[in-house]
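*Asks:* Predicted coordinates and the sequence they were generated for:
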Amino acid sequence: MSDPTQSRALCAVDDIDDPGTRGFEVALDGQQVLRLFVVRKSGTLAAYRNNCPHTGAPLEWLPHQFFDLEQSFIQCAIHGALFRPEDGYCVRGPCVGRSLEPLELEVRDGRLYLAAAPGGARRSPV
Ligand code: FES
């Protein structure tokens, strides 16, 4: 676990439906803003940068809406690429075989935090 004093609070776990998604913008040091989203499905949480590997564009259709209609895959609003929620791997579309960039999450006392140092994939059971 990373240093909890350096992690960024996002929301309560129960603020995200299962299945459901929610987008965030987190201020980093300096003027940078990290756009990300959290996906919750089948009791598992994952977070990714909100950038499609095809063009770098944000993925959501509407604010906080990252799922396809069946809530099976993350779907890019620009050209329709489909990504597996559990690992961000693209299974269909112009960037098939590439992946969303995972971010590390922590769950403490029912609240969700972005770990201090974005890095490898980490899925958090709820
Ligand atoms: S920008 Fe996402 S599929 Fe093209």
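*Replies:* Perfect, I can see it now. Numbers count the residues shown, from 1 in each chain.
*Asks:* secondary structure class for residue 107?
*Replies:* Under DSSP: H, G, I helix; E, B strand; the rest coil, residue 107 falls in the strand class.
*Asks:* who's in contact with the nearest residue to residue 89 once chain neighbours are set aside?
*Replies:* Closest residue to residue 89 apart from its sequence neighbours, by CB to CB, 6 or more residues apart in numbering: residue 99 at 5.0 Å. Where C-beta positions appear, they are placed from N, C-alpha and C, glycine not excepted. By CB atoms under 8 Å, 6 or more residues apart in numbering, residue 99 lies in contact with 53, 83, 87-90.
*Asks:* quick one: residue 99 from residue 12, how far?
*Replies:* Residue 99 is 28 Å from residue 12, where distance means CB to CB, to the nearest Å.
*Asks:* which parts of the chain sit against the ligand?
*Replies:* Taking CB under 6 Å from any ligand atom as the measure of proximity, the chain contacts the ligand at 52, 54-55, 57, 76, 78-79, 81, 93-95.
*Asks:* For those, work out which two are farthest apart.
*Replies:* Maximum pairwise distance in the residues of the chain next to the ligand, criterion CB to CB, is 12.5 Å, between 57 and 93.
*Asks:* of the two, who's got more company?
*Replies:* residue 93 (19 against 12; other CB atoms under 10 Å).
*Asks:* dump the residue contacts of the nearest residue to the more buried one once chain neighbours are set aside.
*Replies:* On the basis of CB to CB, 6+ apart, the spatially nearest residue to residue 93 that is not a chain neighbour turns out to be residue 81, at 2.9 Å. Neighbouring residues of residue 81 by CB under 8 Å, 6+ apart: 52-54, 75, 90, 92-96.
*Asks:* Make a PyMOL selection of whichever of these turn out to be buried.
*Replies:* Of the contacts of residue 81, the buried ones go into a single PyMOL selection, burial set by 16 or more other CB atoms under 10 Å:
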select buried, resi 52+53+54+75+90+93+95
